[in-house]
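Visitor: Attaching a predicted model along with its sequence, questions to come.
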Amino acid sequence: MTKIIALAATARDRAGKGTARATRREGRIPAVIYGNKEAPLMISLDSTKFTRELHRPGFFTHLFDIELDGTKHRVLARDVQLDPVYDRPLHADFLRVSDTTEISIKVPVEFANADTCPGLKRGGVLNVVRHDIEVYARANNIPEKIVIDLAGADVGASIHISAVKLPEGVRPTIDDRDFTVVTIATPSAGVEAAADTAA
C-alpha cells in the first residue's frame with residue numbers, strides 16, 4: 001500500500017509571480033492541485049513541513065492528503081520547481097488521483113544482496129543502467145522502490161526487466177523490449193564505463 005502523508009493547505013486568491021513571491025515571504029510554498037477533470041486549486045503549504053517531506057526518500061511515489069477548508073484532496077506530487085542558487089522549493093504541482101487512477105511514474109531501483117553477489121566478490125563492478133524504472137501503476141499501489149536481487153549475479157551478468165519481480169498490477173511503460181537494468185562488469189570495463197559517464 002502506498003504511503004499517504006497529510007498536509008494542511010490554505011487557499012491562494014491569485015496567481016502570478018508577485019503573489020507567489022509574497023507567499024514565499026510569509027514562509028509558505030505556492031502550489032497548485034490539478035487534474036481529474038476538476039478546476040485547478042491554487043494553494044500554499046507550510047515551507048518547513050513541505051521541505052522536510054521533499055527531502056525524505058520516495059517523495060514522488062507517496063500520496064498526499066492535502067486538507068483545504070475541511071476538504072481532503074488525494075494527490076501525487078508531479079513537479080517541484082527549485083531555486084537554482086539556493087535549491088529551495090519555489091512551487092509545487094500536485095495531480096488529483098483516486099484509487100482507480102492509473103498513472104506512469106518513475107520508481108527508484110534498490111539493490112539487495114550486494115555483499116553476497118559472486119560477481120562483486122570477484123572484483124566485478126556494478127554498472128547501473130537505470131537508477132529508476134518508469135512503470136504504470138494504480139495510485140494506491142505505487143511501489144516505493146523496485147528491488148533487484150544480486151545474490152546470483154556473476155561477472156558479465158546482465159539483469160533485464162523480465163527478471164525483475166514487480167508488484168501485482170505494476171508494469172513497465174516500455175513493453176516492446178527486454179531492457180537492461182544493471183550489469184556486473186569486469187573491473188576494466190567498469191572503469192571505462194565510469195570514464196565514459198564522466199566524459
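Guide: Looks like it came in fine. Numbers count the residues shown, from 1 in each chain.
Visitor: Hmm, residue 150 is touching residue 113, no?
Guide: Yes - between residue 150 and residue 113 there is a contact at 5.1 Å, judged by Cβ atoms under 8 Å. The C-beta positions use only the backbone N, C-alpha and C, and glycine is treated the same way.
Visitor: Looking at the two, which is more packed in?
Guide: Neighbour count, other Cβ atoms under 10 Å: between residue 150 and residue 113, residue 150 has more, with 21 against 14.
Visitor: quick one: contacts for that one?
Guide: For residue 150, the contacting residues are 111-114, 116-117, 119-120, 126, 159, 182, 184, by Cβ atoms under 8 Å, 6 or more residues apart in numbering.
Visitor: what's the spacing between it and residue 132?
Guide: Computed as Cβ to Cβ, to the nearest Å, the residue 150 to residue 132 distance reads 17 Å.
Visitor: go on, residue 4?
Guide: For residue 4, the distance to residue 132 - Cβ to Cβ - is 21 Å.
Visitor: and the residue most central in space within the chain, which of the three is it?
Guide: In the chain, the centroid-proximal residue (Cα atoms, centre = their mean) is residue 60; its distance is 3.8 Å. Reduced to three states with DSSP: H, G, I helix; E, B strand; the rest coil, the structure at residue 60 is helix.
Visitor: so it touches residue 77, yeah?
Guide: Yes - counting by Cβ under 8 Å, residue 60 touches residue 77, with 5.5 Å between them.
Visitor: Grab the CA positions of stretch 158-174 and hand them over as PDB.
Guide: Output of stretch 158-174 as PDB, limited to C-alpha atoms (Å, rounded to 0.1, in the frame of the first residue of the first chain):
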ATOM      1  CA  SER A 158      23.000  -8.600 -17.200                       C
ATOM      2  CA  ILE A 159      19.800  -8.300 -15.300                       C
ATOM      3  CA  HIS A 160      16.900  -7.400 -17.600                       C
ATOM      4  CA  ILE A 161      13.400  -6.100 -16.700                       C
ATOM      5  CA  SER A 162      11.900  -9.600 -17.400                       C
ATOM      6  CA  ALA A 163      13.900 -10.900 -14.400                       C
ATOM      7  CA  VAL A 164      12.700  -8.200 -12.000                       C
ATOM      8  CA  LYS A 165       9.700  -9.100  -9.800                       C
ATOM      9  CA  LEU A 166       7.300  -6.200  -9.900                       C
ATOM     10  CA  PRO A 167       4.300  -5.900  -7.600                       C
ATOM     11  CA  GLU A 168       1.000  -7.100  -8.900                       C
ATOM     12  CA  GLY A 169      -0.700  -4.600 -11.200                       C
ATOM     13  CA  VAL A 170       2.600  -2.800 -11.900                       C
ATOM     14  CA  ARG A 171       4.100  -3.000 -15.400                       C
ATOM     15  CA  PRO A 172       6.900  -1.200 -17.200                       C
ATOM     16  CA  THR A 173       5.900   1.600 -19.600                       C
ATOM     17  CA  ILE A 174       8.500   0.200 -22.100                       C
END
